[in-house]
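Enquirer: how does the following fold in three dimensions:
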Amino acid sequence: MLAQAPELGPSYFCLHDDSLQEPDLYIADGGNPAALARLCCLPPCALQPILLIGGDGASSRRTLPRPVDPARLCETLAELLDTRVQALAELTARGECSQPERRRRPRLEPDTEAPEFYQRMRQGPPDGAVLIIDKGGAFRDHVAYVVGTKLGGAPPGQHGSGPPGCGRSGSGRPVEWTDSSRAAVRLCDETPVSLVMINTCAPGIEPYSLSSAIKSQQGAGRTAVLFLVSQSFKYDSLRARDAGVRGLLDKPVADRHLVATFQKLLALPTSKPL
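Expert: All right, here's what the predicted structure looks like:
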């Protein structure tokens, strides 16, 4: 039904359960208690609008009755997206930014303890490089530029020269690149690496095996591995989890999703307004 959205309006696609991308809005089954419980546990500062489909009509959230009329659905979603755009614009006008959800799993219930209780449970940010496995270095250069300009610090290129395939983002974190599985495993073994981004379309790369090899090394417990996937890639959730993959990002990856992913996985500071 979402695929039939009018050409002149917004287009939509559903995120995979393992996607690390922040959704723009939520659509939930209003008659499903588990879905409603998950919505109640969203962070209080979440800016994503919520649309319920069906249910008893008792919720204060925007609701559409069943059966769903496709035209009414698209019209309602467009209105909710306008609300989100306005909320983001107000944040930007105040010099603030939305915060990505950093939890790895859905909240089971709202936080009931004092903030200090959860602060003591948190580990410090991982210390290590970002490694990109791709057929070329263009994406590495772009990642270094985005992180450097959106997360503070000097743009890449103002931190001195380095070896080919290696740069340093404005956050002070090296961003490296290789097109070889063997080199990737060796780099993760010899140097601290916090995040590995594997382009699943890179020739000669078997992403699941590569992730498993990286995660099986001593000291790789906090190394996050994610896949960069295209629509043609058949992502296998069970196989990915067995290989230690944290999640995926759909290509092409927008800059705001890159920034949010770095904030989520590397505990980097609040970004500048995009």
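
Enquirer: show me where pLDDT drops low in the stretch 151-274 of the chain?
Expert: Counting by pLDDT under 70, the stretch 151-274 of the chain shows low-confidence ranges at 151-172, 268-274.

Enquirer: cutoff 80 now
Expert: Scanning the stretch 151-274 of the chain for pLDDT under 80 picks out 151-172, 267-274.

Enquirer: mind jotting down where the strands sit in it?
Expert: 166-168, 174-178, 193-199, 224-229, 245-250 (DSSP state E, counting those that start in this stretch).

Enquirer: turn these into TSV, columns for mean neighbour count and distance to residue 15.
Expert: No exception for glycine: its C-beta is placed from N, CA and C like everyone else's. Shown next, in TSV, are the strands of the stretch 151-274 of the chain (neighbours: other Cβ atoms under 10 Å; distance: least, Cβ to Cβ, whole Å):
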stretch	mean neighbour count	distance to residue 15
strand 166-168	22	30
strand 174-178	23	25
strand 193-199	24	18
strand 224-229	23	12
strand 245-250	22	8
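
Enquirer: pull the longest helix from the protein.
Expert: The longest helix of the chain (DSSP state H) is helix 70-93.

Enquirer: send the alpha carbons of that helix over as CSV?
Expert: Extracted in CSV, the C-alpha atoms of helix 70-93 (Å, rounded to 0.1, in the frame of the first residue of the first chain):
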residue,chain,number,x,y,z
PRO,A,70,-4.9,4.0,0.6
ALA,A,71,-5.5,7.6,-0.2
ARG,A,72,-6.4,8.5,3.3
LEU,A,73,-3.3,6.7,4.6
CYS,A,74,-1.0,8.6,2.3
GLU,A,75,-2.6,11.9,3.1
THR,A,76,-2.3,11.3,6.9
LEU,A,77,1.4,10.2,6.6
ALA,A,78,2.2,13.3,4.6
GLU,A,79,0.6,15.5,7.4
LEU,A,80,2.6,13.6,10.0
LEU,A,81,5.8,14.1,8.1
ASP,A,82,5.1,17.8,7.9
THR,A,83,4.8,17.9,11.7
ARG,A,84,8.2,16.2,12.0
VAL,A,85,9.8,18.7,9.6
GLN,A,86,8.4,21.6,11.6
ALA,A,87,9.7,20.1,14.9
LEU,A,88,13.2,19.5,13.4
ALA,A,89,13.2,23.1,12.1
GLU,A,90,12.3,24.4,15.5
LEU,A,91,15.2,22.4,17.0
THR,A,92,17.6,23.8,14.5
ALA,A,93,16.4,27.4,15.1
